[in-house]
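Chemist: Build me a model from this:
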Amino acid sequence: MDSQDRSTYLAAAAANLTFNSPLSEDRVADLIRRLAPTGAGWRALDLGCGNGEFLLRLCAAHGIAGDGVERDASDAERAQLRATERGISDRVAFHGADAATWDRPADLVVNVGAGHIWGGAAQALAALHRLTVPGGRLLFADGFYQASPGDQVRETFGDLPDLATLAQLAVDAGFRPLHVAVSTVAEWDDFESDWRAGIERLGTPEARAFADQRRDGYLNGYRDVVGFGWLVLTPA
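Modeler: Residues are numbered from 1 along each chain as shown. Coordinates of the predicted model:
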């Protein structure tokens, strides 16, 4: 498979998702509640924001301003259009840029499944600590191993920590964990099914073969092995 085909499939998968992570509507509501500002004038920042949906909901729920940073300029443009459609484009802006270059701190910082921007969880947490205003909040979500991975899973996902180590990395970076939770199997199943459904809609034999490969890798490989942790943190 060449890189162009893979990019097409990944874009089709993402287009069929509300959130590009194992994240249910109930968890979204709970996380947004936990990220409620504790003072006036708070501003949000979502680094690696994808389609911008979480930031849009966070800012709308709490009546705050925010910035979303996404390296894919077309995603950032589409997210800005959604902000306009929802009537909050005057206070929510999306930027087509490399999140690793962003240097303006915020009170509410979000980084979901995008720690790879800085090279891994430890490096990401160190960078995000510098971008989280004292007394603010960081929502950091990333993968971890909840069971010992086989060789193929480890080759695909790399050297992930376990959940306790992920939380300790946050402490080592200068944060206090306020909330630690993990995506359920149901959230994973829905995410994987919806991800594949976007590819199935392409309708080509090649796309279906790619979807089949993903389904096999999940059901026979990383289901119940790779977890996804949600950490609400505050600078120590």
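Chemist: going forward, measure contacts between C-alpha atoms and count neighbours the same way
Modeler: Will do.
Chemist: now the longest helix that the chain contains: mean pLDDT?
Modeler: Identified as the longest helix of the chain according to DSSP state H is helix 185-200. Taken as a whole, helix 185-200 has a mean pLDDT of 97.
Chemist: what's near enough to touch the most centrally placed residue in the chain?
Modeler: With distances taken as C-alpha atoms, centre = their mean, residue 112 lies nearest the centre of the chain, 2.3 Å away. Residues near residue 112 by C-alpha atoms under 8 Å, 6 or more residues apart in numbering: 21, 48-49, 139-142.
Chemist: picking up where we left off before, would you mind pulling the contact partners of the longest helix of the chain?
Modeler: By C-alpha under 8 Å, 6+ apart, helix 185-200 touches 9-10, 12-17, 20-24, 207-208, 210-211, 214-215, 218, 223-224.
Chemist: Check stretch 157-172 too.
Modeler: So stretch 157-172 is contacted by 121-122, 125, 143-146, 176-177, 180, 229, 231, 233 (C-alpha under 8 Å, 6+ apart).
Chemist: Any of those buried? List them.
Modeler: Neighbour-count burial (16 or more other C-alpha atoms under 10 Å) is assigned, among these, to 121-122, 125, 143-146, 176-177, 229, 231, 233.
Chemist: Closest to residue 65 out of those?
Modeler: residue 233 (20.1 Å; C-alpha to C-alpha).
Chemist: For that closest one, name its beta-bridge partners.
Modeler: residue 138, residue 177 (DSSP bridges).
Chemist: doesn't residue 174 make contact with it?
Modeler: No - contact between residue 233 and residue 174 fails when scored by C-alpha atoms under 8 Å: they sit 9.6 Å apart.
Chemist: re the thing from before, ok, the contacts of stretch 157-172 vs residue 85, which is closest?
Modeler: Nearest to residue 85 among the contacts of stretch 157-172, with distances taken as C-alpha to C-alpha, is residue 231, at 30.4 Å.
Chemist: SS state for the residue nearest to that closest one when sequence neighbours are not counted?
Modeler: Leaving aside its chain neighbours, residue 231 sits nearest to residue 180 (4.7 Å; criterion: C-alpha to C-alpha, 6 or more residues apart in numbering). Under DSSP: H, G, I helix; E, B strand; the rest coil, the three-state class of residue 180 is strand.
Chemist: For residue 180, which residues are in contact?
Modeler: Taking C-alpha under 8 Å, 6+ apart as the test, what residue 180 contacts is 167, 229-232.
Chemist: from the residues you listed, which single one is nearest residue 92?
Modeler: Closest to residue 92, out of all of the contacts of residue 180 and judged by C-alpha to C-alpha, is residue 232, at 21.8 Å.
Chemist: Surely the closest one is in contact with residue 142?
Modeler: No - taking C-alpha under 8 Å as the definition, residue 232 is not a contact partner of residue 142, at 11.9 Å.
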